[in-house]
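Participant: here's my sequence, what's the structure:
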Amino acid sequence: MAAREALREFQARLADRLQTARTAGVSASWLAVEAGDAGYLLPLGQAGEIFPWTPPQAVPYTLPWFLGVANLRGGLYGVVQLSAFAGGQAASPAGEAARGQSRLVALNEALEVNCALLVDRLAGLRGVEAFVTSEAPAGGSPSWQGDTYIDSAGRRWQEIQLAALAQLPEFLSIGA
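Facilitator: Here you go, the predicted structure:
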């Protein structure tokens, strides 16, 4: 019960910050998330609703980063472990206790892909002013990788172009 109330309070604060950003002209461009050891920036216009961790129903004969499907507010969504897909590694199993801060970030409905990305932790909203420098993607980087931004603490944040990801055959082809 306390966890549910904390989630509601967090979502209310996030909604307030989004509204303040819109009215005050602050440029909140991304939802910052952590997955595995990496930080990622999801463009707000391409991200959809944020859901609490819901264990997906496993689907046989799929790639290791595809965790299965979950019913999120009456819609059926494929669940992708972001750290495993982006890092090219096997999905890491975690117990329910370890999923306390995990969230499922759905792709925006306009992208026409019922998919949610499993992230380990939400890190808040970020605008370009939150970073001291940026680097263009290296040659040969996947098309869904945007710029890498570095904050004042030296932490690297990889932008993910969700619209490009939603059209990528390697992302849409989940069969092993």
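Participant: burial of the residue nearest to Val132 when sequence neighbours are not counted, as a residue count?
Facilitator: Distances taken as CB to CB, 6 or more residues apart in numbering put Ser152 closest to Val132, at 5.4 Å, once the chain neighbours are dropped. C-betas here are computed from N, CA, C, even on glycine. By the measure other CB atoms under 10 Å, the count of residues near Ser152 is 9.
Participant: which residues sit in contact with the residue lying closest to Asn71 once chain neighbours are set aside?
Facilitator: Nearest residue to Asn71, sequence neighbours excluded (CB to CB, 6+ apart): Thr54, at 7.4 Å. Residues near Thr54 by CB atoms under 8 Å, 6 or more residues apart in numbering: Ala70, Asn71, Leu72, Leu104.
Participant: how near is the first one to Val59?
Facilitator: To Val59, Ala70 is 11 Å away according to CB to CB, to the nearest Å.
Participant: between those two, which has more neighbouring residues?
Facilitator: Per other CB under 10 Å, whichever of Ala70 and Val59 has more neighbours is Ala70, with 19 against 14.
Participant: phi, psi of that one?
Facilitator: phi -140, psi 150 (degrees, to the nearest 10).
Participant: okay, it: pLDDT?
Facilitator: On pLDDT, Ala70 comes in at 97.
Participant: hmm, it is touching Val80, no?
Facilitator: No: contact criterion CB atoms under 8 Å: Ala70 and Val80 do not qualify, at 11.0 Å.
Participant: which neighbours do these two share?
Facilitator: Listed as contacting both Ala70 and Val80 by CB under 8 Å, 6+ apart are Ala116.
Participant: report the mean per-residue pLDDT for the strand or helix carrying Ala86.
Facilitator: Using DSSP states H and E, Ala86 maps to helix 82-87. Per-residue pLDDT over helix 82-87 has a mean of 92.
Participant: what is that helix packed up against?
Facilitator: Counting contacts by 3 or more CB pairs under 8 Å, 6 or more residues apart in numbering; DSSP states H and E, helix 82-87 is packed against strand 30-35, strand 38-43, strand 115-119.
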